[in-house]
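[1] model this:
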Amino acid sequence: MKDHEHVARFMSLFAKLKDMVDDPSDLVALSKQDDTVNEACLELHRAAFSLDSPEMTNRELFIAPADPKFISAWREYEDFYQPALATISINDLIGADLEGAPLTALERFDLDWQAATQTANAEIEQIRTMLRFVDRQLEFNGDRFDDEYVEEIELGHAAILGYANLHGPKIGGVLRRRRLVPFTLIPRHVANRHGSNEKMSLYTHLRQAQDAFVYGLPFAAIALIRSVLEMVLKHHYQAQGANLEQLIRNAKGLPGPANPARLHKIQDLANSILHFDPDKASLPENQEELDRDIIGLLLALRVLIEQAPEKAAWPAKAR
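    Okay, the predicted model is just below:
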């Protein structure tokens, strides 16, 4: 991934912009005063979009192996530069004069949630439009096709309606969660310790945890998140212990956003589910709150994977 032309362009433009400004919170104001800064911002925003947009069409919700330097730069861009550059891009596109005040992490998440919900609703309507078109074609032109072909179309139509439940929240939740699930960049030194072809690999567990969340299976998602957490702590944070509680307590060099308290939340939720202990399970009562909680767990897992120490005396890879 390091040599990918889009990655190289992003890294070059990002370094160029950082050399031009001292504080990314001043970017919107600086872009209005300096055409050179404005053009650098627009160029970087376009380069980042070329990397960001494929995530929504990628079957895998992670990329491996990734250059740790790119991961660090990309997350810095997302956290400190992307909101301002989005505002600058809108100003340039529609001639507006938005200020682009810095948003808190919660405000940004709420905006992402709203955008994902609106997009999901639009996609549902597009599916309905497609099905209405099929209905009209069968009604007015069905006699132009042979009976077997018409029957296949009708069965497919019924299958979509039956499985997707277009008149309920099910498909909308799937489409929304697909856009909100955190995309993970797996560093090269992490990827090298886990074979992608192994049935029980890190990739398989991570993929299925993400898929379970997307398709509305929260208990399965939490259990698999716990499994990935245990694997990452053992192999990349020198953690030792007889159970997950001890692994978390003995892990070395945990990143701030993946602190022990947050990791213990994963442990507690997963244990209550795996051991059928509803009295100890502190699960939200509605699906939206549960989705938000699981996104938080997936974000903690992403931080653990992306910021795993590169150099340490780990035990040999288990076979």
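[2] let me see the residues that make contact with whatever helix or strand His6 lives in.
    Following DSSP states H and E, one finds His6 within helix 5-20. For helix 5-20, the external contacting residues (C-beta atoms under 8 Å, 6 or more residues apart in numbering) are 1-2, 36-37, 40-41, 43-44, 47-48, 50-51, 67, 69-70, 73-74, 77, 81. Yep, even glycine has a C-beta here, placed from its N, CA and C like the rest.
[3] buried stuff in that helix?
    7, 9-11, 13-14, 17-18 (16 or more other C-beta atoms under 10 Å).
[4] which one among those residues gets closest to Glu306?
    Val7 (15.2 Å; C-beta to C-beta).
[5] distance-wise, check that closest one relative to Asp52.
    The spacing between Val7 and Asp52, counted by C-beta to C-beta, to the nearest Å, is 12 Å.
[6] quick one: pLDDT of Ala159?
    The model reports Ala159 with a pLDDT of 81.
[7] can you select the buried ones from the contacts of helix 5-20 in ChimeraX?
    A single ChimeraX command is used to select the members of the contacts of helix 5-20 judged buried by 16+ other C-beta under 10 Å:
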select :1,37,40,41,43,44,47,48,51,67,70,73,74,77,81
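[8] inside helices: which ones of the contacts of helix 5-20?
    Mapping the contacts of helix 5-20 onto helices (DSSP state H) picks out 36-37, 40-41, 43-44, 47-48, 50-51, 69-70, 73-74.
[9] and the helices in the chain, which stretches?
    Using DSSP H, helices in the chain cover 5-20, 27-33, 35-52, 68-76, 82-94, 105-141, 147-164, 170-180, 188-191, 202-214, 218-236, 244-250, 260-274, 287-306.
[10] low-confidence ranges in the stretch 51-200 of the chain?
    Applying pLDDT under 70 to the stretch 51-200 of the chain flags residues 53-59, 95-103, 163-169, 195-200.
[11] tell me the domain boundaries of this structure?
    Per automatic domain parsing, the structural domains of the chain span 5-94, 105-168, 181-306.
[12] between those, which gets nearest to Leu175?
    Here domain 105-168 is closest among the domains of the chain (C-beta to C-beta), at 3.7 Å.
[13] show me the contacts for Arg177.
    Arg177 sits in contact with 213-214, 216, 291, where contact means C-beta under 8 Å, 6+ apart.
[14] which of the residues you listed has the most neighbours?
    Most neighbours among the contacts of Arg177, by other C-beta atoms under 10 Å: Phe213, with 27 neighbours.
[15] dump the residue contacts of that residue.
    177, 181, 221, 291, 294-295, 298.
[16] skipping its backbone neighbours, what lies nearest it in space?
    Ala221 (4.0 Å; C-beta to C-beta, 6 or more residues apart in numbering).
[17] likewise Gly142?
    In space, Gly142 is closest to Val150, 5.4 Å off (C-beta to C-beta, 6+ apart).
[18] measure the one you found to Gly156 for me?
    11 Å.
[19] who's more crowded, these two?
    Neighbour totals were compared for Val150 and Gly156, and Val150 leads with 16 against 12 (other C-beta under 10 Å).
[20] picking that back up, isn't the residue nearest to Gly142 right next to Glu139, touching?
    No. Using C-beta atoms under 8 Å, Val150 is not in contact with Glu139, being 11.0 Å away.
[21] spatially central residue for this protein, please.
    When C-alpha atoms, centre = their mean is applied to the chain, the residue found nearest the centroid is Pro182 (1.9 Å).
[22] quick one: which of the contacts of Phe213 is nearest to Leu263?
    Nearest to Leu263 among the contacts of Phe213, with distances taken as C-beta to C-beta, is Leu298, at 12.8 Å.
[23] contact partners for the nearest residue to that closest one once chain neighbours are set aside?
    Leaving out its chain neighbours, the residue that sits closest to Leu298 by C-beta to C-beta, 6+ apart is Pro182, at 4.9 Å. Counting by C-beta under 8 Å, 6+ apart, Pro182 touches 61, 295, 298-299, 302.
[24] and for Leu254?
    So, once contact is read as C-beta under 8 Å, 6+ apart, Leu254 ends up touching 237, 260, 263, 304.
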